[in-house]
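K.L.:
from the sequence below, what's the structure:
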Amino acid sequence: MGSSYSAVPTKDPFEANVAAEFTNLGRSPGTLGSIDPAKCPVLRKNRYVGTVKDMAVVRNGVVITAGHDLNLALHNVDCGDITKRWYDSKSDVNKVDYGCDNTRHIVLTGSKDASVKIWAFGQNSYNRIFNGHQLAVSGVCVLDGKFIYTKIITALLDTKFASGSRDSTIRLWDVNRSAALRIKPISRNIVTHMCFNSKARLIAQSSEDQTVKLFDKNLNLTATLQSKSNNAQVHCCFEPNGTQLLSSSSGFEGNGCEITVWDLRMNRALRQLKGHSDPVTAATFIHQNVTWKKLAISCSQSGAIKLWNAEEGQCLWDEVLPVKSSLTCIAPFHDGNFLMAGTNGLVAHLQVWGRAGRPVLKLSSYEASPKAASQP
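P.N.:
Predicted coordinates:
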């Protein structure tokens, strides 16, 4: 992953201070570049309070975290530093997404107070707020768009985003309008997660009604994927090329608790990945160079982590973290590294390694509250 970071190339004047901080980070004794793999994992100083609910990848080694402590954080994974914090003084942040068109950046959040907010890297509070949902926002995703910044006000041209809520509606927004462009109510559609794939040009949305729904960029429903198990779908994630989708389900004592691999060309389930005994809170495809097979990673409410052969449905590796935490989200990078986060302020950095041609997981570093770290 490298041990020092240069600025994200952008013309955004708000980000000058943050870019300088990235450049000055340099190499520290705790960076991955200086860690002997035999001495891993590294326990870092805890920087979070409560639950880290969601993460959004900015680039390899840099994520934005959101959580129960009412703030967002720009987290440098390599050395564990928090480069930037934003504070939402009113409510927990449930979901976060990040978008960039190579010149401009947008940080989008959905909160427990039913609001959607846009944040800028160089400001401590939100840039804009969008109201309309009646209950907590439980899904947000940035769609394709173009951005422009002026000296007086931030303007984002032709930029849209979608949000979903526990009020059974999803909404399409334009960043330059305070009112939603389109509101789509669907009976019993309690949204649990949303994501967008630019290649497929589709929005995926998981729901407590046991389905995953696919929409185009105008919120026209294109398909409803019905799970074989009678359990809520709590998370969904596209394969990068947009041809497959993962969804994970709730359950109890192994009943349910599976990951479903969907073929989006035929809109049908290819296989189920079974092995978790508690609700699977997140699952995602993972980038790696160990095997030609498609690999997926999943985490559960009990803290279990599993590495899967997504093409054959086999569990390749089980990992248990040395802390007591319910895992909530995954942030995959493009180099075989990824983050896990959860309760008790846990953020853990893991890697996919090759051992005798077999992919395995290796815990590189982690941080958690002292109480959690002392209770494996």
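K.L.:
ok, which stretches of the stretch 251-376 of the chain are helices?
P.N.:
370-373 (DSSP state H, counting those that start in this stretch).
K.L.:
strands of that one, residue ranges please.
P.N.:
251-252, 255-256, 259-263, 268-273, 280-286, 295-300, 304-309, 314-320, 327-332, 337-342, 347-355, 358-367 (DSSP state E, counting those that start in this stretch).
K.L.:
I'd like these laid out as CSV, including mean pLDDT.
P.N.:
Below are the strands of the stretch 251-376 of the chain laid out as CSV (pLDDT from 0 to 100):
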stretch, mean pLDDT
strand 251-252, 89
strand 255-256, 86
strand 259-263, 97
strand 268-273, 96
strand 280-286, 97
strand 295-300, 96
strand 304-309, 96
strand 314-320, 93
strand 327-332, 97
strand 337-342, 96
strand 347-355, 92
strand 358-367, 92
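K.L.:
so where's this protein shaky on pLDDT?
P.N.:
1-40, 101-103, 145-158, 373-376 (pLDDT under 70).
K.L.:
recalculate using a threshold of 80.
P.N.:
1-40, 70, 88-90, 101-104, 144-158, 254, 357, 370-376 (pLDDT under 80).
K.L.:
my guess is D97 contacts G139, does it?
P.N.:
No: with contact defined as C-beta atoms under 8 Å, D97 and G139 do not form a contacting pair (9.1 Å). The way it works is simple: take the backbone N, C-alpha and C, and place the C-beta from them, glycine included.
K.L.:
picking up where we left off before, among the strands of the stretch 251-376 of the chain, which is nearest I186?
P.N.:
strand 259-263 (19.0 Å; C-beta to C-beta).
K.L.:
which residues does that closest one contact?
P.N.:
By C-beta atoms under 8 Å, 6 or more residues apart in numbering, the residues outside strand 259-263 that reach it are 212, 225, 227-228, 243-249, 268-273, 276, 280, 283, 296, 298, 308, 310, 313.
K.L.:
only whichever of those residues are buried, select them in PyMOL.
P.N.:
In PyMOL, a selection of the buried entries from these looks like this (16 or more other C-beta atoms under 10 Å):
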select buried, resi 212+225+227+244+245+246+247+248+249+269+273+276+280+283+296+298+308+310
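K.L.:
which ones are touching the closest residue in space to A232 that isn't next to it in sequence?
P.N.:
Take A232 and drop its neighbours on the chain: the residue closest to it by C-beta to C-beta, 6 or more residues apart in numbering is E208, 4.1 Å away. Residues in contact with E208 (C-beta under 8 Å, 6+ apart) are 188, 190, 192, 232-234.
K.L.:
state the phi and psi torsions of D113.
P.N.:
D113 adopts backbone torsions of phi -80, psi 20, taken as degrees, to the nearest 10.
K.L.:
number of residues surrounding the closest residue to it other than its chain neighbours?
P.N.:
The spatial neighbour of D113 that comes closest, neighbours along the chain excluded (C-beta to C-beta, 6+ apart), is S91 at 3.6 Å. By other C-beta atoms under 10 Å, 16 other residues sit near S91.
K.L.:
so who does A304 touch?
P.N.:
A304 sits in contact with 276-278, 318-320, 327, where contact means C-beta under 8 Å, 6+ apart.
K.L.:
returning to what we had before: isn't the residue nearest to D113 up against G110?
P.N.:
No: the pair S91 / G110 is not scored as a contact, 10.0 Å apart, by C-beta under 8 Å.
K.L.:
that older thread, which helix or strand contains the residue nearest to D113?
P.N.:
Counting by DSSP states H and E, no helix or strand carries S91.
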